[in-house]
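In: Sequence unavailable; structure follows:
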Ligand SMILES: [Zn+2]
């Protein structure tokens, strides 16, 4: 039987948020059994709690945003990915702004913050779940297939990025705390130059810089350092999917086959799994 886990003590990370350009501090705090992952906006009156669940997703256009109790938190996917990788079931994530820092565009900073906080094993049984049937989400050229399986969460992912020299990219990964940092956490956010111009025009991406993302322009990748992996884009897609699927509030197992995944499809799949689990519990 796998037991629920929380963090041992508080730990924080600070930096500039990608879209708002505002400085934000994120702090992970221990939480009781069956709390789940709950964001807390400590900068707002009444410090609203926002449960990290697919049913609370408010926006998926530029990252995954969740809202509840008149509080909203944008771009939760990288911190959710790190929490999933550590198998943290219960945690209060304090934020003094609406969007966590982008850091270097990867999940390394969040993964290391949780490592610093340490993992505390609790008494209650962890909520593990695999779908009771194969699930599909399809939208244009994007497709997710979730095949049930009892052991681990395997992700088999392929993606293309317009104008990118390394196309298509493919990677397979089985979620595991010991390998996540080396194989997935370092994958950085990629932005298309054309999209970037649009984001600037919308007043977004104020915190964007080459410290926070790699930019693809006319078939070239512009970034501050060398690529961390030949297939860094698809590894980042897996990172995002590990974060979005954790909006089920469950440790899901099985194999997800992902073709050009993105937040709208990822969140839809998480919602289907969350609903399926709730129906099973109500029977
Ligand atoms: Zn991402």
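Out: Structure received. Here the structure is a predicted model, which is why all the values come from computation and not from measurement. Residues are numbered from 1 along each chain as shown.
In: residue ranges for the strands of the stretch 151-283 of the chain, please.
Out: 153-159, 169-174, 190-192, 214-217, 220-222, 251-252, 254-259 (DSSP state E, counting those that start in this stretch).
In: Can you say which of the ones you listed is nearest to residue 275?
Out: strand 251-252 (13.0 Å; C-beta to C-beta). All C-beta spots, glycine's among them, are computed from the backbone N, C-alpha and C.
In: Quickly run through the sheet partners of that closest one, with directions.
Out: When sheet partners are counted by DSSP bridges, strand 251-252 sits next to strand 128-129 (parallel).
In: The partner strand: what's the following helix or strand?
Out: strand 135-139 (DSSP states H and E).
In: tell me the mean pLDDT over that next one?
Out: Averaged across strand 135-139, pLDDT comes to 95.
In: List the buried residues of it.
Out: Going by neighbour count (16 or more other C-beta atoms under 10 Å), the buried part of strand 135-139 is 135, 137.
In: got the angle between it and strand 254-259?
Out: Angle, strand 135-139 to strand 254-259, by axes from the mean of the first three to the mean of the last three C-alpha atoms, to 10 degrees: 10 degrees.
In: elements contacting strand 135-139?
Out: Strand 135-139 is packed against strand 142-147, helix 263-282, with contacts defined by 3 or more C-beta pairs under 8 Å, 6 or more residues apart in numbering; DSSP states H and E.
In: still on that earlier bit, mean neighbour count, the strands of the stretch 151-283 of the chain: which tops it?
Out: strand 251-252 (a mean of 23; mean count of other C-beta atoms under 10 Å).
In: Quick one: mean pLDDT for that one?
Out: Strand 251-252 carries an average pLDDT of 98.
In: same check, this time on stretch 143-153
Out: Mean pLDDT, stretch 143-153: 96.
In: Then stretch 187-194?
Out: Stretch 187-194 comes out at a mean pLDDT of 81.
In: quick one: contacts for residue 147?
Out: Applying C-beta atoms under 8 Å, 6 or more residues apart in numbering to residue 147 gives the contacts 134, 254, 255, 256, 257.
In: got the contact list for the closest residue to the ion within the stretch 101-250 of the chain?
Out: Proximity of the stretch 101-250 of the chain to the ion (C-beta to the ion) peaks at residue 240, 4.2 Å away. By C-beta under 8 Å, 6+ apart, the contact list for residue 240 reads 77, 78, 81, 261, 263, 266.
In: The second one - how many residues pack around it?
Out: For residue 78, the count of nearby residues is 30 (other C-beta atoms under 10 Å).
In: Show me what from the stretch 51-200 of the chain comes close to the ion.
Out: Counting by C-beta under 5 Å from the ion, the stretch 51-200 of the chain comes close to the ion at residue 189.
In: still on that earlier bit, now distance to residue 50 too, for the strands of the stretch 151-283 of the chain, in JSON lines please.
Out: Formatted as JSON lines, the strands of the stretch 151-283 of the chain follow (distance: least, C-beta to C-beta, whole Å):
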{"stretch": "strand 153-159", "distance to residue 50": "24"}
{"stretch": "strand 169-174", "distance to residue 50": "28"}
{"stretch": "strand 190-192", "distance to residue 50": "26"}
{"stretch": "strand 214-217", "distance to residue 50": "30"}
{"stretch": "strand 220-222", "distance to residue 50": "35"}
{"stretch": "strand 251-252", "distance to residue 50": "21"}
{"stretch": "strand 254-259", "distance to residue 50": "25"}
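In: And those: which comes nearest residue 113?
Out: For the strands of the stretch 151-283 of the chain, the distance to residue 113 is smallest for strand 251-252, at 20.4 Å, taking C-beta to C-beta.
In: Roughly how far does residue 21 sit from the ion?
Out: Distance from residue 21 to the ion, counting by C-beta to the ion, to the nearest Å: 18 Å.
In: if I look at that residue, how far off is residue 236?
Out: 21 Å (C-beta to C-beta, to the nearest Å).
In: on that earlier part again, got the helices and strands packed on strand 135-139 as JSON lines, with distance to residue 32 columns?
Out: Compiled in JSON lines, those are given as follows (distance: least, C-beta to C-beta, whole Å):
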{"stretch": "strand 142-147", "distance to residue 32": "30"}
{"stretch": "helix 263-282", "distance to residue 32": "20"}
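In: low-confidence ranges in the stretch 151-283 of the chain?
Out: 162-165, 207-210, 212, 217-220 (pLDDT under 70).
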